[in-house]
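> No letters, just coordinates:
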């Protein structure tokens with residue numbers, strides 16, 4: 001568990017992430033993180049959940065239309 005500190009950044013409030021948390025998330029200064037609401041609270045992740053849903057839909061379509069895509073690739 002990590003303790004996060006809120007700090008004033010201009011007219012906004014920011015969160016300071018410990019170095020160990022950044023390493024576990026595999027992010028660095030300038031990267032984008034996504035905060036999503038879950039039934040248990042909130043989740044902070046470097047992965048865009050909307051993009052993940054789109055990729056899952058694309059994989060289902062590619063699997064279903066495999067033969068058509070193979071013919072188009074020729």
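Good, I have the coordinates. Every value quoted in this text rests on a predicted model; they were computed, and no experiment measured them. Numbers count the residues shown, from 1 in each chain.
> SS state for residue 6?
strand (DSSP: H, G, I helix; E, B strand; the rest coil).
> Surely it and residue 17 touch.
No - counting by Cβ atoms under 8 Å, residue 17 is not a contact partner of residue 6; they are 11.5 Å apart. C-beta: built from backbone N, CA, C; applies to glycine.
> who's more crowded, the two?
residue 17 (17 against 9; other Cβ atoms under 10 Å).
> mind checking how far the more buried one is from residue 10?
Going from residue 17 to residue 10 by Cβ to Cβ, to the nearest Å gives 18 Å.
> Who is the spatially closest residue to residue 13 that is not a sequence neighbour paired with across the strands?
Leaving aside its sequence neighbours, residue 13 sits nearest to residue 6 (Cβ to Cβ, 6 or more residues apart in numbering; 5.4 Å). Residue 6 has these beta-bridge partners by DSSP bridges: residue 15.
> Would you list the phi and psi of the spatially most central residue of the chain?
Per Cα atoms, centre = their mean, the C-alpha nearest to the average position across the chain is that of residue 47, at 1.5 Å. Note on residue 47: its backbone torsions stand at phi -100, psi 130 [degrees, to the nearest 10].
> same thing with residue 33?
phi -120, psi 150.
> Pull the contacting residues for it.
25, 27, 44-46 (Cβ atoms under 8 Å, 6 or more residues apart in numbering).
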